[in-house]
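Asker: what follows is a predicted protein model with its sequence.
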Amino acid sequence: MATTAPPPSDLRPAKSVVYCGVCSLPPEYCEYGGTTKKCSDWLAQHHPSLHATLYSADSTAEGLSTLSVEAQKRAEKDAQKKAAKASATEAKEAEKRATSRIYIKRVERNKRKYVTEVSGLEHFGLDLKKIAKELGKKFATGSSVTKNAGGTGDEITVQGDVSEDIEEWLLENYEEKIPEDNIELIEDKKKGKGSAGAGAGA
């Protein structure tokens, strides 16, 4: 009985390709993006051996040694520019988060019936649909993403008077992303129409 020869090496399945969790490029190309430092930190945490290979002093020196003196200077200048740009972007995002607010509004819809509206979560990089689903499950009530009153953005509407509970839940589950001082509770009580129509039949 004839034995089957193994397939040539070029026909065998290639090893799985790693993609950066920050910029989504293969780690070898992270340097061409504007988030090199974040990419490096992510790779060190998730693929330490690959990080050691790509970011070791030897590999950096080896890469630069193949360039001319002028090209080396340009490469260093480009790397400094990219690092500065990434740092500035990160600082801008941090400043934006620091000044942004999450508003949790208790709204009276009908007599003794309330809904709670949550807006501003997107400023902290949170997924509104995911949060709405989690809140609905947590409080066993209706929870959905809707347009805000001005139609300028989205907010989460949760059935029931649960504003304080939502604040506590957000700080418990997203304390790393949301500072406590950035959450504001608001009460929006709707005025009844009874007084307006009281004298109509007189």
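Answerer: Perfect, I can see it now.
Asker: CA atoms for contacts and neighbours, from now on please.
Answerer: Fine.
Asker: list the buried residues of the lengthiest helix in the chain.
Answerer: Assignment by DSSP state H gives helix 69-99 as the longest helix of the chain. Residues of helix 69-99 classed as buried: Ala79, Lys82, Ala83, Ala86, Ser87, Arg97 (neighbour count, 16 or more other CA atoms under 10 Å).
Asker: just the strands in the chain please.
Answerer: With strands called from DSSP state E, the chain shows them at 102-110, 113-119, 143-147, 154-159, 183-188.
Asker: so which of those strands gets nearest Glu168?
Answerer: Proximity to Glu168 (CA to CA) singles out strand 183-188 among those, at 10.2 Å.
Asker: residue ranges in the protein under the pLDDT threshold?
Answerer: Low-confidence segments of the chain (pLDDT under 70): 1-15, 32-34, 56-69, 71-73, 75, 94, 97, 189-202.
Asker: please report the distance of the residue nearest the centre of the chain from Glu176.
Answerer: Nearest residue to the geometric centre of the chain (CA atoms, centre = their mean): Gly125, 3.2 Å. According to CA to CA, to the nearest Å, Gly125 stands 12 Å off from Glu176.
Asker: re earlier: next one: the longest helix of the chain to chain centre, how far?
Answerer: 20 Å (CA atoms, centre = their mean, to the nearest Å).
Asker: tell me what it is packed against?
Answerer: Judged by 3 or more CA pairs under 8 Å, 6 or more residues apart in numbering; DSSP states H and E, helix 69-99 is in contact with helix 36-46.
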